[in-house]
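**Student:** A predicted structure for the sequence below; I have some questions about it.
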Amino acid sequence: MTLYDELVARGLIAQVTDEAEIKNLINNGKATFYIGFDPTADSLHVGHFMALCLMKRLQMAGNKPIALIGGGTAMIGDPSGRTDMRQMMTPETIQHNCDCFQKQMSRFIDFSDDKALIVNNADWLMDLNYIDVLREVGAHFSVNRMLTAECYRQRMEKGLSFLEFNYMIMQSYDFYTLFQKYGCNMQFGGDDQWSNMLGGTELIRRKLGKDAYAMTINLLLNSEGKKMGKTQSGAVWLDPNRTSPFDFFQYWRNVADADVLKCIRMLTFLPLEEIDAMASWEGAQLNEAKEILAFELTKLVHGEEEAQKAKAASHALFAGGGDAASMPTTELTDADFTEGELDILALLVKTGLCTSRSDARRAVEQGGVSVADAKIADIKTMYGRASFGTDGLIVRRGKKKFVKVVVK
């Protein structure tokens with residue numbers, strides 16, 4: 001099976017500009033391709049994960065990835081998938097986020113010996129002359145055609161700023177620049193980037209008279225058509241300080257039955273024959289498939305040691321065995337107690353199981369909180385240092401969120 005055929009079999013490919021030429025390039029290791037990442041936070045998240053996995057697959061086949069960090073385009077903000085304008089960030093914040101991205105990407109991509117590149121589009125976008133852009137680039141874009149792009153059409157009712165309107169031109173200019181500087185002949189991205197990517201191939205054709213190619217990958221959606229990678233508390237991050245390896249493991253362990261095989265196909269590097277054999281699994285076997293998914297992805301992001309710890313902690317809580325020491329833990333000190341006591345609402349906030357005392361109150365009143373397997377019904381329940389003993393107590397919210405609390 002060729003690389004392209006495998007990408008199709010895994011359900012990754014959405015749209016391509018020239019299937020025959022793209023097959024030839026990536027199957028024979030001739031593609032120098034880029035994927036853009038706008039640094040809107042100080043960590044990559046699950047939404048970036050599939051793109052990183054795609055880069056890894058293509059690099060393993062001999063192709064050369066370019067990770068483009070959008071230090072310049074982040075000054076504008078991508079309107080794709082948005083119903084409102086993105087919050088403007090300072091140059092200092094953008095640079096910090098770029099540095100964080102580069103460190104995280106190195107876990108997936110081999111940047112040694114010129115096997116891959118990391119570039120920042122601020123290096124060329126920030127010095128552009130406005131008149132030059134209008135004359136040399138803007139002349140090649142039809143406003144009528146741009147307005148038919150989905151990323152713009154969905155914003156027209158609420159108002160599309162001229163600032164955001166320039167985003168397609170900036171992304172197209174990125175491709176044009178990378179084509180000239182590094183011989184970048186392909187761009188990959190999420191399916192919501194299709195219009196922007198076509199803008200780049202067209203700009204290269206008009207300015208240089210040469211062909212470049214684009215391919216989009218399917219967005220990671222659940223069986224209800226919603227983007228995956230979000231929880232009640234926010235995004236699922238790749239930074240262990242923002243989403244712990246255990247919480248990352250649990251996110252994938254708890255995917256819906258209808259989504260588990262799709263996620264295994266799209267995100268893991270397990271052989272397709274092994275995945276196809278899981279298609280007939282039901283009941284308890286589906287739970288085994290979810291654990292395989294969770295372990296493989298946690299290993300990719302955080303390493304095998306952390307994946308083993310997360311798996312052991314999950315077993316300790318849900319299967320009655322394993323290493324309880326690996327559970328997510330909150331440590332309390334004397335400063336957390338008022339006159340030697342701590343109420344259940346403060347405890348829930350301290351553990352991060354609830355975002356505020358009012359959130360904690362609702363959780364208790366709805367019957368969703370337990371401590372040491374005892375359901376808590378009274379919001380005035382109090383705990384002293386002695387309540388936690390030497391081994392601590394397990395505090396749960398719902399069936400799937402829990403923290404071990406110890407006192408130091």
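**Tutor:** That came in fine, so what should we check first?

**Student:** what's the burial count for the spatially closest residue to G138 that is not a sequence neighbour?
**Tutor:** Nearest in space to G138, with sequence neighbours left out and distances taken as CB to CB, 6 or more residues apart in numbering, is I169 at 6.7 Å. In this view, the C-beta of every residue, glycine as well, is placed from N, C-alpha and C. With neighbours defined by other CB atoms under 10 Å, the count for I169 comes to 21.

**Student:** give the contact list for I169.
**Tutor:** I169 makes contact with 133, 137-138, 141, 199, according to CB atoms under 8 Å, 6 or more residues apart in numbering.

**Student:** Mark which of the residues you listed are part of helices, please.
**Tutor:** Those of the contacts of I169 mapping onto helices are 133, 199, per DSSP state H.

**Student:** Turn the contacts of I169 into TSV, columns for pLDDT.
**Tutor:** Converted to TSV, the contacts of I169 look like this (pLDDT from 0 to 100):
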residue	pLDDT
V133	83
V137	83
G138	80
F141	79
G199	90
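
**Student:** how does the chain divide into domains?
**Tutor:** 3-217, 230-322, 329-407 (automatic domain parsing).

**Student:** returning to what we had before: which is the next helix or strand following the helix or strand hosting the residue nearest to G138?
**Tutor:** Using DSSP states H and E, I169 sits within helix 167-182. Elements were assigned by DSSP H and E; along the chain past helix 167-182, the next helix or strand is strand 186-190.

**Student:** Can you give the contact residues for the helix or strand D359 falls within?
**Tutor:** Per DSSP H and E: D359 is located in helix 357-365. Helix 357-365 has contacts (CB under 8 Å, 6+ apart) with 344-346, 348-349, 353-354, 369, 376-379, 397.

**Student:** Now list the buried members of the contacts of I169.
**Tutor:** By neighbour count, with 16 or more other CB atoms under 10 Å, the contacts of I169 hold 133, 137, 141, 199 as buried.

**Student:** Let me know whether the last one touches G138 as I believe.
**Tutor:** This means G199. No: using CB atoms under 8 Å, G199 is not in contact with G138; the gap is 11.7 Å.

**Student:** May I see the domains of the chain organised as JSON lines, with distance to E224 added?
**Tutor:** Listed next are the domains of the chain as JSON lines, based on distance: least, CB to CB, whole Å:
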{"stretch": "domain 3-217", "distance to E224": "16"}
{"stretch": "domain 230-322", "distance to E224": "8"}
{"stretch": "domain 329-407", "distance to E224": "18"}
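
**Student:** which stretch among those comes nearest S223?
**Tutor:** S223 lies closest, by CB to CB, to one member of the domains of the chain: domain 230-322, at 3.9 Å.

**Student:** Pull the distance from that closest one to the chain's centre.
**Tutor:** Here the centre of domain 230-322 is set off from its chain's centre by 15 Å, with CA atoms, centre = their mean, to the nearest Å.

**Student:** Repeat that for stretch 39-52.
**Tutor:** With CA atoms, centre = their mean, you get 4 Å for stretch 39-52.

**Student:** So for the protein, the centremost residue is which one?
**Tutor:** V46 (2.0 Å; CA atoms, centre = their mean).

**Student:** Tell me, what's the model's pLDDT at that one?
**Tutor:** If you check V46, the pLDDT there is 89.

**Student:** ok, and the closest non-adjacent residue to it?
**Tutor:** G229 (3.0 Å).

**Student:** pretty sure that neighbour is touching L220, no?
**Tutor:** Yes: assessed by CB under 8 Å, G229 is found in contact with L220 at 6.7 Å.

**Student:** Common neighbours of those two, please.
**Tutor:** Residues touching both G229 and L220 by CB under 8 Å, 6+ apart: 46-47, 49.

**Student:** quick one: the residue nearest to the centre of the chain and L117, what's the gap?
**Tutor:** Going from V46 to L117 by CB to CB, to the nearest Å gives 24 Å.

**Student:** Ok, C354 next?
**Tutor:** The gap separating C354 from L117 is 44 Å, by CB to CB.

**Student:** go on, D334?
**Tutor:** 52 Å.

**Student:** The two: which is more packed in?
**Tutor:** Higher neighbour count among D334 and L117: L117, with 18 against 9, using other CB under 10 Å.

**Student:** Quick one: low-confidence residue ranges for the stretch 51-200 of the chain.
**Tutor:** 76-88, 150-159, 162-163 (pLDDT under 70).

**Student:** the helices in it, which residues?
**Tutor:** With DSSP state H, counting those that start in this stretch as the criterion, the stretch 51-200 of the chain has helices at 91-105, 122-125, 130-136, 143-146, 150-156, 162-165, 167-182, 194-208.

**Student:** ok, residues contacting the third one?
**Tutor:** By CB under 8 Å, 6+ apart, the list of residues contacting helix 130-136 from outside reads 169, 173, 207.

**Student:** Surely the second one touches I204?
**Tutor:** If I follow you right, that is Y173. No: taking contacts as CB under 8 Å, Y173 lies outside contact range of I204: 10.2 Å.
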